[in-house]
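Visitor: Could you look at this predicted model? Sequence included:
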Amino acid sequence: MGLKEFCFKKSLWVFHLSAGSCNNCDIEILDLLTPRYDIERFGMKLVGSIRHADVLLVTGIVTNKTKSRVLEIYSQASKPVLVIAIGACPCTGGIFTSSYNFAGPLDKVIPVDAYIPGCPPKPEAMLAGVVKLLKSKNRE
Amino acid sequence: MGIEIFYFLIFPGLLFCTVVGGLISWVDRKITARVQFRKGPPFMQPLYDVIKLLAKETVVPLRGSATTFILTPLFALFGATISAVFIMLPVLGIETGFTGDIIVIVYLLNIPSLTYVIGALASGNPLAAVGASREMKLMLSYELPFLLVLISVIIQSGMLISLSEIIAFQTSNGAFIGSLSGFIGFITVLMCFQAKLGLVPFDMAEGEGEICDGIIIEYSGSILAIFKLTKYIMFLILPALLTGLFFAGLSFSGIHILWSILKIMLIILLISLIRNTNPRVRIEQAMKFFWVWMNLFAIISIILAILGI
């Protein structure tokens, strides 16, 4: 593992994209910033612009309306960028699988690096998912 | 010739200021975390951030002027480095500088803010344009009180306009912070530097909640890293200028090194605590604050300096 990869892992800046969620996963993501979980101790922080982001968190089902937006946001990110699907909706579609407005799970739209299922996933589950993703990057 | 290049690139210029400034930005983040009962980032975090950004892809926006967009962070870094040399040489007592260098410093300190505005407008992003207009208004507000307090300092030191002479005057006659006019001036300049550093309550140019990082929204990869380095340098040189103007400067000889670190840390602590205990104000509230209250404070400071209190 080179210096580049090491520093990348030590300073993950997170951009949060809600494709069409019910806002429950988003609240759980904001939980990660609170004193109880405090992701800043791993060097992660929430950024406001996709250009600064290293991790793209997607919540909610990808609807027909937001599909083009998700694609555009992904193409605007400066690479390398990791994509994490948070919650049941972007992983599989959840209870909206048979909806007329469902444009397919997230991995049909953009490449996904990690799936964190749950409705909503607990903050501990998200941290565990990120740790597993970084460990799998170590082995490569 | 060789010694000047050493001054600009290594000590006390680019290398020294970025390393110490990164350290100070870590201290600021750690204080923020402790105030909010969090643990805070690890010690090497500024280094990780910069190396990661240098290794990432740089995206240049389609609409907008690519040359200006890429060159402005470099000019910001040049401006910050030159002002770092002009400030740190007299403040650390390495060289005396020249007569009138305090006026040159005022101009040079404006270069980073100006280049932020130009770079944001060159990116062609509407949110960046909003941020740039706010940054311009903020510059118009904080420059006048800063200049007025400089006049008060110059009057107090008996019409000396060289930073090293002002520091020498304070070393023999006592620091200006001890007098009432110096104390009021210190508070005013602290507020001006809070706005110059772009920290809460005056961070409306990069309000990440409303305009998504504003002036730096389109920057990515290595040019964002250069912006970060400029911020680190400003984090060191503005407190250093404050110590030069009001606390009789810094010194790196013997036990004085501890005292110097304490002075810098005191100012950083004040800046951090102001940042953590205040909400972001709107731009017209900030302008009113500077134009009415801070100018009033600065004029009171000048009058007290003329009266010799």
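Guide: Nice, I can see it.
Visitor: Can you tell me which residues in the stretch 1-150 of chain B are near chain A?
Guide: When proximity is defined as Cβ under 8 Å from any Cβ of the partner chain, the stretch 1-150 of chain B approaches chain A at B:29, B:33, B:36-42, B:44-45, B:47-49, B:51-52, B:55-59. No exception for glycine: its C-beta is placed from N, CA and C like everyone else's.
Visitor: Show me which of those residues are buried.
Guide: Neighbour-count burial (16 or more other Cβ atoms under 10 Å in any protein chain shown) applied to the residues of the stretch 1-150 of chain B next to chain A gives B:29, B:33, B:38, B:40-42, B:45, B:47-49, B:51-52, B:55-56, B:58-59.
Visitor: Among these, which lie within helices?
Guide: The helices, defined by DSSP state H, take in B:29, B:33, B:45, B:47-49, B:51-52, B:55 from these.
Visitor: Kindly reformat those as a markdown table containing pLDDT.
Guide: Conversion of those to a markdown table gives the following (pLDDT from 0 to 100):
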| residue | pLDDT |
| --- | --- |
| B:R29 | 90 |
| B:A33 | 90 |
| B:Q45 | 89 |
| B:L47 | 90 |
| B:Y48 | 90 |
| B:D49 | 89 |
| B:I51 | 90 |
| B:K52 | 88 |
| B:A55 | 86 |
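Visitor: Identify, from the residues you listed, the entry nearest to B:T243.
Guide: B:R29 (21.7 Å; Cβ to Cβ).
Visitor: In contact with the closest one, which residues are there?
Guide: Listed by Cβ atoms under 8 Å, 6 or more residues apart in numbering or on different chains, the contact set of B:R29 reads A:40, B:40-41, B:45.
Visitor: Closest one to B:C212 out of these, please.
Guide: A:E40 (19.5 Å).
Visitor: start to end distance for stretch B:27-44?
Guide: One end of stretch B:27-44 to the other measures 11 Å (Cα to Cα, to the nearest Å).
Visitor: Quick one: distance of that stretch to the chain centre.
Guide: Averaging C-alpha positions (Cα atoms, centre = their mean, to the nearest Å) puts stretch B:27-44 21 Å from its chain's average.
Visitor: Tell me where the model's unsure across chain B.
Guide: For chain B, no stretch has pLDDT under 70.
Visitor: which residue ranges form the helices in the chain?
Guide: With no chain named, the answer covers chain A. Counting by DSSP H, the helices of chain A are A:3-10, A:24-31, A:67-76, A:88-92, A:123-139.
Visitor: look at chain B instead
Guide: B:2-9, B:14-35, B:45-55, B:66-92, B:101-122, B:126-156, B:163-173, B:180-196, B:221-246, B:256-276, B:283-288, B:295-307.
Visitor: and among these, the most buried is which?
Guide: helix B:221-246 (a mean of 24; mean count of other Cβ atoms under 10 Å in any protein chain shown).
Visitor: Mind giving me the packing neighbours of it?
Guide: helix B:14-35, helix B:45-55, helix B:66-92, helix B:101-122, helix B:126-156, helix B:163-173, helix B:180-196, helix B:256-276 (3 or more Cβ pairs under 8 Å, 6 or more residues apart in numbering or on different chains; DSSP states H and E).
Visitor: got the angle for it vs helix B:180-196?
Guide: 180 degrees (axes from the mean of the first three to the mean of the last three Cα atoms, to 10 degrees).
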